[in-house]
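*Asks:* Show me the folded form of this:
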Amino acid sequence: MPQPIEAWLGFRLAAEMVERRLGVNSGAAQKLLDKAIESGAIKSRRAGDDPDVWSVDLERLLGKPKDRASRQVELAREAIAAVYPDGKYPPTPQMIKQLGDWSKANCRPAIKRDAILRATGRRK
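*Replies:* Coordinates of the predicted model:
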C-alpha cells in the first residue's frame, strides 16, 4: 500500500474526502471532521477562516478506501435495517421504492438496485 503524502489539506478538501470515502452528506462530513480535530485525532493548524488538517492523520482516520460496490451494499443494509427492522421484505419493486424514499428523506446517496438485491440476498 502506498504511503500517504504528508501535507496540510484545506478543511473543505478534507471534508470532501470524508464525504466521498464514508458516503455521507457534506454537513455530516464537516461535523465528523470538526469532532476529529477537537478530539486531537487529526492535527490541524489555523489558516484563515477554516483550519488546515494533516493529511496523514486524515488517511489514518478514514482507513483504507472501500470500493464503491461495498459502500453501496453497506448503505443498502443501513436503509433496510431502518425501514424493515423485522426483516420481512416486500416484493422487489416496492422495496426499491421505499428504500429510495428513505435515502432521500435521510439525505443519503441514492441506493442502486443491485446493491439492494445483494444486501437482501436476492442476488450474488
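
*Asks:* List the buried residues for the longest helix along the chain?
*Replies:* With DSSP state H setting the assignment, residue counts place helix 68-83 as the longest helix in the chain. Along helix 68-83, the positions that meet the burial threshold by neighbour count (16 or more other Cβ atoms under 10 Å) are 71, 72, 73, 75, 76, 77, 78, 79, 80. In this view, the C-beta of every residue, glycine as well, is placed from N, C-alpha and C.

*Asks:* and residue 11, how far is that from residue 76?
*Replies:* Here the criterion is Cβ to Cβ, to the nearest Å. By it, residue 11 lies 31 Å from residue 76.

*Asks:* which residues of this structure fall in helices?
*Replies:* Using DSSP H, the helices assigned to the chain run over residues 11-22, 26-39, 55-62, 68-83, 92-105, 113-119.

*Asks:* Can you name every helix or strand that the fifth one contacts?
*Replies:* Which is helix 92-105. Packed against helix 92-105 by the contact rule (3 or more Cβ pairs under 8 Å, 6 or more residues apart in numbering; DSSP states H and E) you find helix 68-83, helix 113-119.
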